[in-house]
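[1] Quick check, what structure comes out for this input:
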Amino acid sequence: MLRDEILRSVCGPSTSPDPIERLLEEDLETAWHFQREAVLRNNLKIIWSPVDSYLTVLKSGVFPTHRPCRDMFNKPTAFYFEQSAQCGRYDNIHGYPCIQRIFIASMFEAWRARCGDMLNIEFGHFLANPVRITKQGPQTLGEIAVAHRALCDMAQEKGVGDVKHKILESYPVIILICDQEIKTVGMDEDGLINLRKLAEEMTVLVMHTGTSLPSPITLEGLEPHALPLDRSDAHGIEVRRVPIKIAVDFIVGLENRTRGPQKEQAHEYDSDLCRHEVPDGFDRIVKNDPKMWVPALMASAMRKGYDSLKDTREAIQRIEARAAGVSCDFDFEHEEWSRHWKSGYDVTLCGTSPMH
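    Numbering: from 1, shown residues only. Purely as a prediction, here's the structure:
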């Protein structure tokens, strides 16, 4: 079947004068959002990398050794990793303390599934930023709470940030702590580690730092899911041990509650996530908004042909594949975090813009 015939067979009867162009525009807008999420996933791989230059690291005292203020922006909480949760190897070289990458993989997939169409990836927004505690850093839950409050105070004193980058209301109050290394993980029948199941089995501590807000935040909602603490330093501290999936649900809900009603306003996109191809003859600013980028691609394709641009070429192949009921090399499926892992969630990327 010819390409145009396949496209028209998908459209069916339509009042639109250009049903083929309409299909392409819809696919390209989905591609725009998909590519930005792919950039975010890659950024998180780097930020949560075992290499300390990308991490907030707590050594002696409470002051961090690496640029924490940038990482604190637009996060509802922080994720602290005690020495006991650090795997002690990097690229299979033992003796180098680091955070296992499977933590960010399992947490991101749980966060992505929990947010769904409400996903917000703008201006550094994510569930948490990682903080690695060294042997010289805080040793007890109380000391970690003191260190976290000091980090928040430091950010406020420096006055860093702007309208788009700020410390969220819940950030000083609630933190996550990982105190256990992942040593054994069950696999599915296909031999892959299921990140959804891992998030249901792996536990973390959710802790109140003692910081107060006008509207008090408590951990009472976690009580039905609470597991034995197995800590000797939890006396007098509000803390619960729960599976990471429960912790993610709690933090997302907490952010939604503390954020309050949002005013209706034009959506602003973070240009740092916009790495899209720009057709010749167009200003690069068009890549920063799908309402500019898609028309630019369509205009260029009308002049030079749909095969002249990688994005329009791949869009047509996806439309052809959907019409034929077959898979495509350019489907909207993100690369897995590792060839040994799989998401385990059934999450469909929507073509509409994510909402705050």
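[2] pull the helix or strand with minimum mean pLDDT from the protein.
    Ranked by mean pLDDT, DSSP states H and E, the helix or strand of the chain with the weakest confidence is helix 3-11, at a mean of 43.
[3] got the end-to-end distance for stretch 205-225?
    Stretch 205-225 has an end-to-end distance of 12 Å (C-alpha to C-alpha, to the nearest Å).
[4] Buried ones in it, by neighbour count?
    Neighbour-count burial for stretch 205-225, counted by 16 or more other C-beta atoms under 10 Å, picks out Leu205, Val206, Met207, His208, Thr209, Ile217, Leu219, Leu222, His225. In short, each C-beta sits where N, CA and C put it, glycine included.
[5] repeat for stretch 24-42
    24-25, 27-37, 39-41.
[6] which other residues reach it?
    Outside of stretch 24-42, the residues within contact range by C-beta atoms under 8 Å, 6 or more residues apart in numbering are 108, 119, 121, 126, 269, 273-276, 290, 293-294, 297-298, 301, 306, 311-312, 314-316, 318-319, 332, 334-335, 337, 349-351, 353-354.
[7] Equivalent analysis for stretch 206-224, please.
    Residues from elsewhere that reach stretch 206-224 (C-beta under 8 Å, 6+ apart): 141, 144-145, 148-149, 152, 169-170, 172-177, 237-242, 246-247, 250-251, 253-254, 258.
[8] Any quick PyMOL command for the buried ones out of these?
    Of the contacts of stretch 206-224, the buried ones can be selected in PyMOL as follows, counting by 16+ other C-beta under 10 Å:
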select buried, resi 141+144+145+148+149+152+169+170+172+173+174+175+176+177+237+239+240+241+242+246+247+250+251+254+258
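[9] Just the contacts of stretch 206-224: which are in helices?
    141, 144-145, 148-149, 152, 246-247, 250-251, 253-254, 258 (DSSP state H).
[10] out of those, who's nearest Leu58?
    Comparing the ones in helices among the contacts of stretch 206-224 against Leu58 with C-beta to C-beta places Ile144 closest, at 8.4 Å.
[11] Pull the contacting residues for the closest one.
    So Ile144 contacts Tyr80, Glu82, Ile133, Pro138, Ile175, Ile177, Met207 (C-beta under 8 Å, 6+ apart).
[12] give me every residue that touches the second one.
    It refers to Glu82. By C-beta under 8 Å, 6+ apart, the neighbours of Glu82 are Ile133, Ile144, Ile177, Cys178, Asp179.
[13] pLDDT check: weakest of those?
    Minimum pLDDT across those is recorded for Ile133, with 88.
[14] Quick check: the gap between that residue and Thr56.
    Ile133 is 10 Å from Thr56, where distance means C-beta to C-beta, to the nearest Å.
[15] Strands - which of the buried residues of stretch 205-225 land there?
    Among these, the members found in strands (DSSP state E) are Leu205, Val206, Met207, His208.
[16] Domains in this protein, by residue range?
    Using automatic domain parsing, the domain parsing of the chain gives 3-36+277-342, 51-259.
[17] In TSV: the ones you listed, plus distance to Lys45.
    Converted to TSV, the domains of the chain look like this (distance: least, C-beta to C-beta, whole Å):
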stretch	distance to Lys45
domain 3-36+277-342	7
domain 51-259	7
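[18] Need the winner for burial among those domains.
    Of all these, domain 51-259 has the most neighbours on average by mean count of other C-beta atoms under 10 Å, namely a mean of 18.
[19] re the thing from before, got the ones in strands among the buried residues of stretch 205-225 as a markdown table, with distance to Gly281 and pLDDT columns?
    As requested, these are exported to a markdown table (distance: C-beta to C-beta, whole Å; pLDDT from 0 to 100):
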| residue | distance to Gly281 | pLDDT |
| --- | --- | --- |
| Leu205 | 55 | 98 |
| Val206 | 53 | 98 |
| Met207 | 55 | 98 |
| His208 | 56 | 97 |
